[in-house]
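*Asks:* Got a predicted model here, sequence first, then my questions.
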Amino acid sequence: MRVHSWIVLALAGTAAAQEAEPEGVAFFEKKIRPVLVSRCYKCHSLEAEKVKGGLLADSREGLLKGGNSGPAIVPGKPEESLLVKAIRGTDDDMKMPPKGELLPAHEVADFEAWIRRGAPDPRKADVRAASRALGLPTWDRPASPCLSSRVPYGTPITAPLLARIDAAEQLLRTLGFRELRVRAHDTLARIEVPPADLPRLVEPAVRSRVTSELRALGFLHVTLDLLGFRSGSLNEGVVENTKGPAASPRAPRVR
């Protein structure tokens, strides 16, 4: 039921955005999204091994929030949008991409035109808006990839395993933690939360409850990752073998 609800919600959110401004959304899908995917997502998305500058470009809300330098876009005002300044490449300190070829002039012009018309974007922000309008409590939940990304390479993924991970993460959410991962290493649960949340997780009452309930789920050992919450931590032990004809391809990234 929950999966079906999210599918309906996602479709409703996208449909609402398209109904609001079909030409603008079509322009985004044809001119803007392909460039963001091919030129920006590597460093500025939830798929990035390390998000640079604190900027996420894989949602409208991420661009509006911006990164360390402030909002990336100001809808209707391309000249005030840091994203435009960056892709023009006129400032060496903030040009994007920082290395390699800059975007061609016609693509820069597309971004200027897109922002000038209000930066219509049917991605996740519209789903969140629809969720909020429907009164769903999950409307502002942080984005999170598939639960299978909590499982190390080579480990069979089963429904009971995913249910155990889901239950462990739900427990942490009930305790007030928003950004988190529970990585399942066989009978060991490795918990990732932002560094600022580490002290609260080791408070006696919280630590006792988390340890007790995760052990009840079948985890014999419960550990706290002192490096904190981050995407792609299961990639850190993956070494790409690039020597010799029998070199194996790199395993896909997990988050």
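*Replies:* Arrived safely, thanks for sending.
*Asks:* got any ranges where this protein has weak pLDDT?
*Replies:* By pLDDT under 70, the low-scoring segments of the chain are 1-21, 124-129, 140-145, 237-255.
*Asks:* what's the domain layout of it?
*Replies:* The record's domain split for the chain, according to automatic domain parsing, is 2-125, 147-235.
*Asks:* Tabulate those (TSV), appending distance to residue 131 and mean neighbour count.
*Replies:* Every C-beta, even on glycine, is put in place using the N, C-alpha and C of the backbone. Shown next, in TSV, are those (distance: least, C-beta to C-beta, whole Å; neighbours: other C-beta atoms under 10 Å):
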stretch	distance to residue 131	mean neighbour count
domain 2-125	6	16
domain 147-235	16	15
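*Asks:* Can you say which of the ones you listed is nearest to residue 133?
*Replies:* Proximity to residue 133 (C-beta to C-beta) singles out domain 2-125 among the domains of the chain, at 9.0 Å.
*Asks:* what's the spacing between the closest one and its chain's center?
*Replies:* Centroid displacement of domain 2-125 relative to its chain, using C-alpha atoms, centre = their mean, to the nearest Å, is 14 Å.
*Asks:* Distance check, the residue nearest to the spatial centre of the chain against residue 100.
*Replies:* The centroid of the chain falls nearest to residue 46 when counting by C-alpha atoms, centre = their mean (3.0 Å). To residue 100, residue 46 is 23 Å away according to C-beta to C-beta, to the nearest Å.
*Asks:* And for residue 135?
*Replies:* Between residue 135 and residue 100 the computed distance is 46 Å (C-beta to C-beta).
*Asks:* cool, and residue 114?
*Replies:* Going from residue 114 to residue 100 by C-beta to C-beta gives 22 Å.
*Asks:* so where do the helices sit in the stretch 151-255 of the chain?
*Replies:* 159-174, 198-201, 204-216 (DSSP state H, counting those that start in this stretch).
*Asks:* Now distance to residue 110 too, for these, in TSV please.
*Replies:* Formatted as TSV, the helices of the stretch 151-255 of the chain follow (distance: least, C-beta to C-beta, whole Å):
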stretch	distance to residue 110
helix 159-174	39
helix 198-201	43
helix 204-216	49
